[in-house]
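*Asks:* sequence and predicted structure below; questions after.
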Amino acid sequence: MNYTLTLTRWHKVAQRINAALKEREANVKTAFTATAISPWNKEGIEEKAADIARRAAESLAIIEAGALAVAAIRAALAVKNAQLGIAGRLAEVEAANRRAALYKAVIDGQKPDMVQPENVRALPGELIGESESWGFARRAAVAVTLQTADAALLDSLRERLAREQARATRLLDEIADLNREKIEIAVPQDVVAIAGLG
């Protein structure tokens, strides 16, 4: 049966089918590999076993049809995504987010106790202390963290961060708009119910 849905909805249909298949797969595996009975429960076992095997075989057929349906949905979405340029935009979003994360890490990593390189010589002598280690006197210098990013770089990074965040947001909005496009895909009748289309 053919259905015409938005790309976003098709993604959700594929997820729904996969979730239903996962549950059925577990039941089929159990039915065919782990059906246990008590030795005293011999009455009518042949009929019970036949019923379990029949239901598992029906589920197996739905799993096979569902897996093919998910593959068809994903293939159709991939073609449409390529036509609309969604994959390229997603790659651009990933790159923008990666750059933004780096800029933010550098900006957020600036601490008030950092020392600018030109101020290191002016550090007070008290920063060098004496410490005992196994009974021997040793000089131990306190470590200071250099502020190697100057104000101009940090201002530039703030601007770049805002630009990359805005770019990622704009691209995600474009992708959301493109995902409203509709395509028609055939879904086997056996799968319609678990796809939530019936």
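*Replies:* Ah, there it is.

*Asks:* please save the CA atoms from stretch 78-97 in CSV.
*Replies:* Output in CSV follows, covering the C-alpha atoms of stretch 78-97 (Å, rounded to 0.1, in the frame of the first residue of the first chain):
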residue,chain,number,x,y,z
ALA,A,78,18.5,8.9,1.1
VAL,A,79,17.6,9.7,-2.5
LYS,A,80,15.3,12.5,-1.5
ASN,A,81,17.9,13.8,1.1
ALA,A,82,20.5,13.9,-1.6
GLN,A,83,18.2,15.7,-4.1
LEU,A,84,17.4,18.3,-1.4
GLY,A,85,21.0,18.7,-0.2
ILE,A,86,20.1,17.7,3.4
ALA,A,87,23.2,15.5,3.9
GLY,A,88,25.5,18.4,2.8
ARG,A,89,23.7,20.7,5.2
LEU,A,90,24.1,18.2,8.0
ALA,A,91,27.8,18.0,7.4
GLU,A,92,28.0,21.8,7.5
VAL,A,93,26.1,21.8,10.8
GLU,A,94,28.5,19.2,12.2
ALA,A,95,31.5,21.3,11.1
ALA,A,96,30.0,24.5,12.5
ASN,A,97,29.3,22.9,15.8
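
*Asks:* could you give the mean pLDDT of the helix or strand containing residue 20?
*Replies:* For residue 20, the element it lies in under DSSP states H and E is helix 7-33. The average pLDDT within helix 7-33 is 96.

*Asks:* count of residues packed around residue 96?
*Replies:* 20 (other C-beta atoms under 10 Å). C-beta coordinates here come from the backbone N, C-alpha and C atoms, glycine included.

*Asks:* same question, residue 10
*Replies:* Counted with other C-beta under 10 Å, residue 10 comes out at 23.

*Asks:* on that earlier part again, so whichever helix or strand comes after the helix holding residue 20 versus helix 7-33, what angle?
*Replies:* Proceeding N to C from helix 7-33, the next assigned helix or strand is helix 45-84, under DSSP H and E. Here helix 45-84 runs at an angle of 150 degrees relative to helix 7-33 (axes from the mean of the first three to the mean of the last three C-alpha atoms, to 10 degrees).
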